[in-house]
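S.K.: Kindly return the folded structure for what I paste below:
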Amino acid sequence: MALGFALHNATATPRHFIMTPAHDDDLDLCHRLLQRGFWLCGLIGSDTKCARFRSRLAGLGHAPEQIARITVPHRARQLASIPSDCPRVAYATLAILDPARTK
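M.R.: Residues are numbered from 1 along each chain as shown. Predicted coordinates for the structure are as follows:
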C-alpha cells in the first residue's frame, strides 16, 4: 500500500520521521519527500537497508547529495538489527533527530 497520501499537505520545512511496517512503503515515502523537499528526514534501518535505499533512490533519479539528506542515525542502525527492539529504535532515532522532544 502506497502511503504517499500522508505527504499531501506536508511543506518543505517540517521534520519527517519514516517508520512503516514495510520497506517498500519506507522507500516510497523517501522518494516522495526527495521530490518535494524537506528540512529533515529520519529513517530507521540497518546498514543493509541504507545501502539498498541509496541504490534504489539513485535508480529513481535522485542525486547522491539529495539522498544523503535522509538521516539514518548510526545508533539506530545498530539497534535496527534487533527485530524485537522497535520501540527502542524509534526512540533512539527521535532522540538523535530531535533531542528536545525526548527529554
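
S.K.: Isn't Ile18 up against His31?
M.R.: No - counting by Cβ atoms under 8 Å, Ile18 stays clear of His31, with 10.8 Å between them. For the C-beta atoms, the positions are set from N, CA and C on the backbone; glycine is no exception.

S.K.: which residues does the nearest residue to Leu60 once chain neighbours are set aside contact?
M.R.: With sequence-adjacent residues excluded and distances taken as Cβ to Cβ, 6 or more residues apart in numbering, Leu60 is closest to His31, at 5.5 Å. The contact partners of His31, taken as Cβ atoms under 8 Å, 6 or more residues apart in numbering, are 57, 60, 62.

S.K.: what's the weakest-modelled helix or strand in the chain?
M.R.: Taking mean pLDDT, DSSP states H and E as the measure, the chain has helix 74-80 as its least confident helix or strand, at a mean of 57.

S.K.: can you give me the strands for the chain?
M.R.: 15-18, 40-43, 70-71 (DSSP state E).

S.K.: by contact count, what packs against the shortest one?
M.R.: Applying 3 or more Cβ pairs under 8 Å, 6 or more residues apart in numbering; DSSP states H and E, one finds that strand 70-71 contacts helix 23-36, strand 40-43.

S.K.: Least reliable of these by average pLDDT, please.
M.R.: Among those, strand 40-43 carries the lowest mean pLDDT, at a mean of 82.
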